[in-house]
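Trainee: Take a look and give me a structure for this.
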Amino acid sequence: MKHLLGTGIRLVVLALLIAFLLTPQSFAGLLAPLTKPGQPPIYTQNSLLDLALSHIEIVLAATIASTIVAVGLAILVTRPSGREFLPLSRSLANLGQTFPPVAVLAIAVPLLGFGTAPTLIALFLYGLLPIFENALTGLTTLPPDVADAALGVGMTGWQRLVQVELPLALPIILAGIRLSVVVSMATATIGSTVAAHTLGEVIIAGLTTDNTAWVLQGGLIVAVLAVLIYDALSAIERGMTARSSGRPASA
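Mentor: Next up is the predicted model:
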């Protein structure tokens with residue numbers, strides 16, 4: 001019952017989000033009280049649907065790049081030949097947390113120009129640490145008996161990595177990816193300050209024109225997308241964990 005209720009709520013929220021993105025003017029009456037006389041309640045300078053899709057694409061591209069680099073580094077430093085690179089890899093992963101995304105944008109814009117590229121760099125760096133640390137944890141906390149069994153059947157190092165280590169570590173790695181995606185969804189809004197096509201455009205426009213309705217709709221779309229993506233990745237993570245332990249997944 002709890003599972004069905006939770007699923008029902010998510011579906012309703014998703015349906016409302018889709019309806020708002022496709023026909024935002026249908027919700028104008030709800031947002032009108034938040035505007036001043038003469039202000040439009042719905043942002044129309046760009047399509048909200050296009051902004052949302054572009055926002056997701058930027059976050060997805062940055063997350064994929066962060067995942068490839070972070071998991072690759074974690075694999076490297078958990079091999080006997082790469083353990084000496086652990087301090088360097090950890091420093092690299094911490095780089096994105098050391099420099100705020102705004103600072104990264106300020107450095108990247110003179111080099112790459114305005115647009116999507118500086119935002120991708122900022123999100124890529126910001127997403128490295130949670131994925132790297134989770135991948136490192138997942139690859140270094142495997143049950144000893146599993147590692148011994150893999151050695152006992154004569155698996156090569158590559159076979160152990162692909163067939164045993166990564167599948168068992170995947171739920172923990174996915175937890176890091178989930179955290180990275182949710183943080184990036186919110187952080188990507190600042191990309192609009194350097195002309196990236198994100199939902200931050202709606203929020204910034206609302207702030208500069210003192211239109212609370214625009215600020216609210218931009219913020220709500222980002223928040224709802226982040227929650228829905230978080231829930232979806234959490235469900236996948238629970239399914240992987242349950243499958244690896246032989247237990248049914250819970251809601």
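
Trainee: What average pLDDT does the longest helix along the chain get?
Mentor: For the chain, the helix with the greatest residue count under DSSP state H is helix 212-245. Throughout helix 212-245, pLDDT has a mean value of 87.

Trainee: and if you look at stretch 136-152?
Mentor: Rounded to a whole number, the mean pLDDT of stretch 136-152 is 78.

Trainee: Could you do stretch 42-54 as well?
Mentor: Stretch 42-54 shows an average pLDDT of 94 in the prediction.

Trainee: repeat for stretch 180-196
Mentor: Averaged over stretch 180-196, pLDDT sits at 90.

Trainee: mind listing what's buried in it?
Mentor: Of the residues in stretch 180-196, those buried by neighbour count under the rule 16 or more other C-beta atoms under 10 Å are 180-185, 187-194, 196. The way it works is simple: take the backbone N, C-alpha and C, and place the C-beta from them, glycine included.

Trainee: Can you tell me which of the residues you listed lies closest to H55?
Mentor: Closest approach to H55 among the buried residues of stretch 180-196 (C-beta to C-beta): A188, at 5.8 Å.

Trainee: my guess is the closest one meets P118, correct?
Mentor: No - using C-beta atoms under 8 Å, A188 is not in contact with P118, being 11.5 Å away.

Trainee: and for these two, which residues touch both?
Mentor: A196 (C-beta atoms under 8 Å, 6 or more residues apart in numbering).

Trainee: So the residue nearest the centre of the chain versus G200, what's the distance?
Mentor: By C-alpha atoms, centre = their mean, the mean C-alpha position of the chain lies nearest to V181, the distance being 0.8 Å. According to C-beta to C-beta, to the nearest Å, V181 stands 17 Å off from G200.

Trainee: Could I get the full set of strands for the stretch 101-250 of the chain?
Mentor: In order along the chain, the stretch 101-250 of the chain carries no strands (DSSP state E, counting those that start in this stretch).

Trainee: count of residues packed around the closest residue to N134 other than its chain neighbours?
Mentor: Of all residues beyond its chain neighbours, the one nearest N134 is G176 (2.9 Å), with distances taken as C-beta to C-beta, 6 or more residues apart in numbering. A count of nearby residues for G176, using other C-beta atoms under 10 Å, gives 26.

Trainee: Report the contact partners of G176.
Mentor: By C-beta under 8 Å, 6+ apart, the contact set of G176 is A70, P130, I131, F132, E133, N134, A135.

Trainee: A74 too?
Mentor: S89, F132, A135, L136, G138, L139.

Trainee: Please point out which parts of the longest helix of the chain sit buried.
Mentor: Buried-residue list, helix 212-245, by 16+ other C-beta under 10 Å: 212-219, 221-222, 224-226, 229, 231, 233, 235-238, 240-241.

Trainee: and K36, what helix or strand is that in?
Mentor: For K36, there is no enclosing helix or strand under DSSP states H and E.

Trainee: So it is in contact with W214, correct?
Mentor: No - at 11.5 Å, K36 and W214 do not qualify as touching, with contact defined as C-beta under 8 Å.

Trainee: Check which helices and strands the helix or strand L16 falls within sits against.
Mentor: If you go by DSSP H and E, L16 is part of helix 2-22. For helix 2-22, the elements it packs on are helix 48-77, helix 212-245, judged by 3 or more C-beta pairs under 8 Å, 6 or more residues apart in numbering; DSSP states H and E.

Trainee: how much does that helix deviate in direction from helix 48-77?
Mentor: Following axes from the mean of the first three to the mean of the last three C-alpha atoms, to 10 degrees, one obtains 130 degrees for the angle between helix 2-22 and helix 48-77.

Trainee: Keeping just the C-alphas, turn helix 2-22 into CSV.
Mentor: Written as CSV, here are the backbone C-alpha positions of helix 2-22 (Å, rounded to 0.1, in the frame of the first residue of the first chain):
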residue,chain,number,x,y,z
LYS,A,2,2.8,2.4,0.9
HIS,A,3,4.6,1.6,-2.3
LEU,A,4,1.4,2.2,-4.4
LEU,A,5,0.8,5.5,-2.6
GLY,A,6,4.4,6.7,-3.2
THR,A,7,4.2,5.7,-6.9
GLY,A,8,0.9,7.4,-7.3
ILE,A,9,2.2,10.7,-5.8
ARG,A,10,5.2,10.5,-8.1
LEU,A,11,3.1,9.9,-11.2
VAL,A,12,0.8,12.8,-10.3
VAL,A,13,3.8,15.2,-9.8
LEU,A,14,5.3,14.0,-13.1
ALA,A,15,1.9,14.6,-14.9
LEU,A,16,1.6,18.1,-13.4
LEU,A,17,5.2,18.9,-14.5
ILE,A,18,4.6,17.7,-18.0
ALA,A,19,1.3,19.6,-18.2
PHE,A,20,3.0,22.8,-17.0
LEU,A,21,5.9,22.5,-19.5
LEU,A,22,3.6,21.8,-22.4
